[in-house]
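>>> Below are the sequence and a predicted model; questions follow.
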Amino acid sequence: MRTIAERAQGLLGTAVVATTPVVGGDVSNATRLRLSDGRNALIKTRPHPPPGFFEAEARGLEWLRVPGGVAVPEVLGVSHDCIIVAWVEPGRPTADAAEDFARALAHTHASHPAGFGAAEDGYIATLPLPNEPEPTWAAFFVNRRLLPYLRLARDRHAVSDAAARDIEAVMERIDDFCDPGTPASRIHGDLWSGNLVWTSGGAAHVIDPAAHGGHLETDLAMLSLFGAPHLSRLLDAYEEAASLSPQWRVRLPLHQLHPLLVHAAIFGGSYGGRAGAAARELLEGRAER
């Protein structure tokens, strides 16, 4: 069996002079590489990855790379069993960096793809991510983001019957809750704080995307769900940089249904109940109006 250094050298054509394990990865094993040409890189590996796992990550990173948009690590090499990207030196997040990131994110979102979905399926964490395009965001969200993960969560007994009924009611009435006029945006798709690398130079890089043509509020909802440094400043700066519907904060629970169902399917625990509570908030809010 080849070592990580040998695997990297085979892909890069450059000698690896040192390797250092990197802590913090839940899905893959990460190792810092020091190359003989003076560069540093990061290699991610995973025993027996599902088909196309690392290729999907590389594809998503490159798709998110647009001039003036969010910073994305350069993909140096990819194979069925690993991905190698340029090393991003981590640093402490600042309020100014959060505002800069928000403006860059708005620019990425404004680079509109052809429609809702993607040319190929991907992954979110360890789960397959269906991306077959749909003509509207409502149809894409229900058929590609809610139905598959609600079924999986129910199969794994991670969501109660009552919570599932509330989520199904939201799906049946999706047009009551969504913003039908927003065009497809180039979104990260799994933008929680763990997929943001704040650098020593201030700029935040995005990693581990579930990238596709989606709704820009999805990325904002994910940041809001799990928190991010200087979140209030970040969201305010985004609002200043982009044209947001006045009701976008009301729709946060709608966009949070998908990540909550993903977490329910993977981790169980309270996530199924939280997904049901988000659906109930939407249903009760609509009933009051």
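Cool, the structure landed.

>>> where exactly do the helices run in the stretch 1-150 of the chain?
Ranges of helices in the stretch 1-150 of the chain, per DSSP state H, counting those that start in this stretch, are 4-12, 53-64, 95-109, 137-140, 147-155.

>>> packing partners for the second one?
Contact here means 3 or more CB pairs under 8 Å, 6 or more residues apart in numbering; DSSP states H and E; on that basis helix 53-64 packs against strand 75-79, strand 82-86, strand 122-124. The C-beta positions use only the backbone N, C-alpha and C, and glycine is treated the same way.

>>> So which residue is smack in the middle of the protein?
Central residue of the chain (CA atoms, centre = their mean): residue 190, 1.4 Å from the mean position.

>>> Excluding chain neighbours, what is closest to that one?
Spatial nearest neighbour of residue 190, chain neighbours left out: residue 210 (4.1 Å); criterion: CB to CB, 6 or more residues apart in numbering.

>>> Which secondary structure state is assigned to that neighbour?
Per DSSP: H, G, I helix; E, B strand; the rest coil, the local secondary structure of residue 210 is coil.

>>> was I right about it contacting residue 195?
No - counting by CB atoms under 8 Å, residue 195 is not a contact partner of residue 210; they are 9.2 Å apart.

>>> hey, what's in contact with both of those two?
Here residue 210 and residue 195 share the contacting residues residue 188, scored by CB atoms under 8 Å, 6 or more residues apart in numbering.

>>> who has more neighbours, these two?
Counted by other CB atoms under 10 Å, residue 210 and residue 195 do not tie: residue 210 has more neighbours, with 28 against 19.

>>> quick one: that one from residue 274, how far?
Distance check for residue 210 against residue 274: by CB to CB, to the nearest Å, it reads 19 Å.

>>> buried residues in the lowest-mean-pLDDT helix or strand in the chain?
Least confident helix or strand, the chain: helix 271-288 with a mean of 90, by mean pLDDT, DSSP states H and E. The neighbour-count check on helix 271-288 (16 or more other CB atoms under 10 Å) flags 271-276, 278-283 as buried.

>>> so who does residue 94 touch?
202, 230.

>>> Can you read off the pLDDT for it?
The per-residue pLDDT reported for residue 94 equals 94.

>>> Residue 108 versus that one, what's the distance?
In terms of CB to CB, residue 94 sits 20 Å off from residue 108.

>>> surely residue 257 meets residue 280?
No - using CB under 8 Å, residue 257 is not in contact with residue 280; the gap is 11.1 Å.

>>> what is in contact with those two at once?
Between them, residue 257 and residue 280 share no contacting residue under CB under 8 Å, 6+ apart.

>>> Break this structure into its domains for me.
4-86, 95-288 (automatic domain parsing).

>>> which of these is buried the deepest?
Each of those was scored by mean neighbour count; the highest is domain 95-288, a mean of 19, by mean count of other CB atoms under 10 Å.

>>> so who does residue 210 touch?
60, 122-124, 129, 188-190.

>>> which stretch of helix or strand covers residue 218?
helix 216-226 (DSSP states H and E).

>>> From the contact counts, what lies against that helix?
helix 95-109, strand 185-187, helix 231-241, helix 252-267.

>>> re the thing from before, how far away is the residue nearest to residue 190 from residue 30?
18 Å.

>>> do residue 170 as well
Using CB to CB, residue 170 is found at 37 Å from residue 30.

>>> and what of residue 140?
Taken as CB to CB, the span from residue 140 to residue 30 is 31 Å.

>>> Leaving out sequence neighbours, find the closest residue to residue 121.
residue 131 (5.0 Å).

>>> swap in residue 112?
Distances taken as CB to CB, 6+ apart place residue 183 nearest to residue 112, at 5.4 Å, with adjacent residues excluded.
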